[in-house]
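>>> prediction below, plus the sequence it came from.
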Amino acid sequence: MLSKFLFKKIDNGSLIIFRIFFGILISLECYGAILTGWVKDTLIDPKFTFSFIGFEWLQPLPGNGMYIYFFIMGSLGVAISLGYKYRISSICFSILWTAVYLMQKTSYNNHYYLLVLISFIMIFLPANRNHALDSKLNPELQSDSMYSYVKWIIVLQLFIVYTYASVAKLYGDWLNFEVLKLFMKGKADYYIIGDLLQQSWLHKTMGFVGILFDLLVIPAMLWKPTRKFTFIIAITFHLFNAIVFQIGIFPFLALAFMVFFFEPETIKKVFLKKKKIYNPNTLNIPSYKNIVLVGCSIYFLIQLLLPIRHHFIKDDVLWTEEGHRLSWRMMLRSRHGRIKLKTVNKETGVANNVDVSDYLSKKQALRIGAYPDFIWQFAQYLKKEALEKGEDIAVYATLSKVSINAKPYVDFIDKSVDLANEKWNPYKHHEWILPSKKNEPSHKK
């Protein structure tokens, strides 16, 4: 039964169109990162880069190397869109994008992570079999069909993303609309819509729509009677996010995924008027069936477990941030921190206050006060720098306070702990993060 469902042949028009959109969007993302100054501000100017813990060996290229790096990625996006050397282009882009994602987290964004996953998935999909330079140069590749599992891999990935995003919103500050009110305060000066964005009725609408849209969009797109109406809602929802939150290509990538939910006739009529529609829906079990089933099972098991890992870590993720990333916890909170650090020479006992502005960019300085992994990494950096000078130091947070969703600042890091001497475990709670129950009762699970 499962084999019949996953390995029947279906029309590949949706995959072809998505490949074209995907290539264009990642090109815009990469070229735009250069033109808007994102590459300069995030990867070139900082003296120290906060990579994902365990990937400190991934560092930005020196000089103007990262401009070349992003230009290459943008060009690979063009090649993917054109279907030229598709497999090689996809592999190279996936590796390069994943590397740049892991080498910095100061500008963390969930759609960067989604691009990691989708670019990896696209490596294995036959997206160059039609309307591609590869299939024109090698007619043996030409095909109007694909296995059904190709579509359902994308659909299941989207279902996981949207469902976890919906469930994550079911907490107090979202349900009482305080988070949305706070987000909109910073947009009061928007031309024309600034005043509208301050209205409480809009915050309530956004709160309910955000939960319901994320929860229902995939099932509603799969069901034909609700598909067109849901697509209209999706266009409105994602364009609103694009205008108000200015989150790059993500809203447009989300809309590009919608092609997987429409019939081949619709895809042909709108995009591929010269393409033949594949109709037989024949069953042709490939020799690599077991590899597909095992590989997909492992991949999606990881995707299901990663977003819930914070439930197995002591205290609340909203407070500790432990298990927050890679969990589709999108647009959930506003977080600000204040921190003062001192170093103590273990041999002489001499203490010195640390001026973080001597080491970090303005954006990095904002992160280090509010996020425990940033604090820990910076302590490790200070210790390493001291050891290179022949000194052994301890690093203490003499002041550490965090405010979540504009609530009062409260103590965050234990002042008595030498942060430079602590170990980091991504799957366990770190006791030097003060418990939320002593600081913010509303953060209890």
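Good, I have the coordinates. As the structure is a prediction and not an experimental result, all values here were calculated from the model.

>>> from here on, contacts and neighbour counts on C-alpha atoms
Noted.

>>> distance of the closest residue to Leu28 other than its chain neighbours from Met258?
Leaving aside its sequence neighbours, Leu28 sits nearest to Gly74 (CA to CA, 6 or more residues apart in numbering; 7.0 Å). As defined by CA to CA, to the nearest Å, Gly74 lies at a distance of 23 Å from Met258.

>>> so Leu253 touches Ile24, yeah?
No - taking contacts as CA atoms under 8 Å, Leu253 lies outside contact range of Ile24: 10.0 Å.

>>> list residues touching both of those two?
By CA atoms under 8 Å, 6 or more residues apart in numbering, Leu253 and Ile24 have no common neighbours.

>>> per-residue pLDDT, Ile20?
Among the per-residue scores, Ile20 shows a pLDDT of 97.

>>> buried ones in the helix or strand hosting it, by neighbour count?
If you go by DSSP states H and E, Ile20 is part of helix 13-35. Neighbour-count burial for helix 13-35 flags 13-34 (criterion: 16 or more other CA atoms under 10 Å).

>>> quick one: stretch 56-74 to chain centroid distance?
20 Å (CA atoms, centre = their mean, to the nearest Å).

>>> Lys340 bridge partners, please.
Judged by DSSP bridges, the bridge partners of Lys340 are Leu399.

>>> can you pull the contacts of it?
Asn353, Val354, Ala397, Thr398, Leu399, Ser400.

>>> may I have the helix holding Ile20 exported as PDB, CA atoms only?
In PDB, the C-alpha atoms belonging to helix 13-35 read as follows (Å, rounded to 0.1, in the frame of the first residue of the first chain):
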ATOM      1  CA  GLY A  13       5.500  20.100 -13.600                       C
ATOM      2  CA  SER A  14       5.300  21.300 -10.000                       C
ATOM      3  CA  LEU A  15       8.900  20.200  -9.200                       C
ATOM      4  CA  ILE A  16      10.100  21.900 -12.400                       C
ATOM      5  CA  ILE A  17       8.500  25.200 -11.600                       C
ATOM      6  CA  PHE A  18       9.600  25.100  -8.000                       C
ATOM      7  CA  ARG A  19      13.200  24.500  -9.100                       C
ATOM      8  CA  ILE A  20      13.000  27.700 -11.200                       C
ATOM      9  CA  PHE A  21      11.500  29.700  -8.400                       C
ATOM     10  CA  PHE A  22      13.900  28.300  -5.900                       C
ATOM     11  CA  GLY A  23      17.000  29.100  -8.000                       C
ATOM     12  CA  ILE A  24      15.800  32.600  -8.500                       C
ATOM     13  CA  LEU A  25      15.000  33.200  -4.800                       C
ATOM     14  CA  ILE A  26      18.300  31.900  -3.500                       C
ATOM     15  CA  SER A  27      20.100  34.000  -6.100                       C
ATOM     16  CA  LEU A  28      18.300  37.100  -4.800                       C
ATOM     17  CA  GLU A  29      19.100  36.100  -1.300                       C
ATOM     18  CA  CYS A  30      22.800  35.800  -2.000                       C
ATOM     19  CA  TYR A  31      23.200  38.800  -4.300                       C
ATOM     20  CA  GLY A  32      21.000  40.800  -2.000                       C
ATOM     21  CA  ALA A  33      23.200  40.000   1.000                       C
ATOM     22  CA  ILE A  34      26.100  41.600  -0.800                       C
ATOM     23  CA  LEU A  35      24.200  44.700  -2.000                       C
END
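
>>> tell me the helix or strand right after it.
Scanning forward in sequence from helix 13-35, with DSSP H and E defining helices and strands, the next element found is helix 38-39.

>>> how about residues contacting that next one?
Contacts for helix 38-39 (CA under 8 Å, 6+ apart): Ala33, Met66, Tyr67.

>>> swap the cut-off to 6 Å and go again
Ala33 (CA atoms under 6 Å, 6 or more residues apart in numbering).

>>> and stretch 323-332, by the same measure?
Ala165, Ala168, Pro307, His310.

>>> now it, how far from the chain's geometric center?
Worked out by CA atoms, centre = their mean, stretch 323-332 lies 8 Å from the chain centre.

>>> so for that stretch, mean pLDDT?
Stretch 323-332 comes out at a mean pLDDT of 91.

>>> helices of the stretch 201-350 of the chain, residue ranges please.
Ranges of helices in the stretch 201-350 of the chain, per DSSP state H, counting those that start in this stretch, are 224-245, 250-256, 264-270, 289-305, 317-320.

>>> what distance do you get for the residue of the chain positioned farthest from its centre to Met184?
Outermost residue of the chain with respect to the C-alpha centroid, by CA atoms, centre = their mean, is Thr348; its distance is 45.0 Å. According to CA to CA, Thr348 and Met184 sit 51 Å apart.

>>> who wins for most neighbours among the contacts of Lys340?
Ala397 (23 neighbours; other CA atoms under 10 Å).

>>> flag the shaky bits of this protein, pLDDT-wise.
Along the chain, segments meeting pLDDT under 70 span 281, 437-445.

>>> before we move on, the earlier item: which among the contacts of stretch 323-332 gets closest to Met221?
Ala165 (17.2 Å; CA to CA).

>>> for burial, what's the neighbour tally of the closest one?
23.

>>> isn't there a helix covering it?
Yes - the assignment for Ala165 by DSSP: H, G, I helix; E, B strand; the rest coil puts it in a helix.

>>> tell me which of the helices of the stretch 201-350 of the chain sits most buried.
Greatest average neighbour count among the helices of the stretch 201-350 of the chain goes to helix 317-320 (a mean of 22), per mean count of other CA atoms under 10 Å.

>>> report the contact partners of Tyr381.
By CA under 6 Å, 6+ apart, no residues touch Tyr381.

>>> which SSE is it in?
Applying DSSP H and E, one finds Tyr381 within helix 372-388.

>>> relative to the whole chain's centre, how far out is that helix?
26 Å.

>>> sort out which residues of it are buried, please.
372-380, 382-384, 386.

>>> relative to Leu326, how far out is His310?
From His310 to Leu326 the distance is 11 Å (CA to CA).

>>> the two: who's more crowded?
Neighbour count, other CA under 10 Å: between His310 and Leu326, His310 has more, with 24 against 17.

>>> and that one, what does it touch?
Gly323.

>>> tell me which residue lies nearest the centroid of this protein.
Asn110 (2.0 Å).
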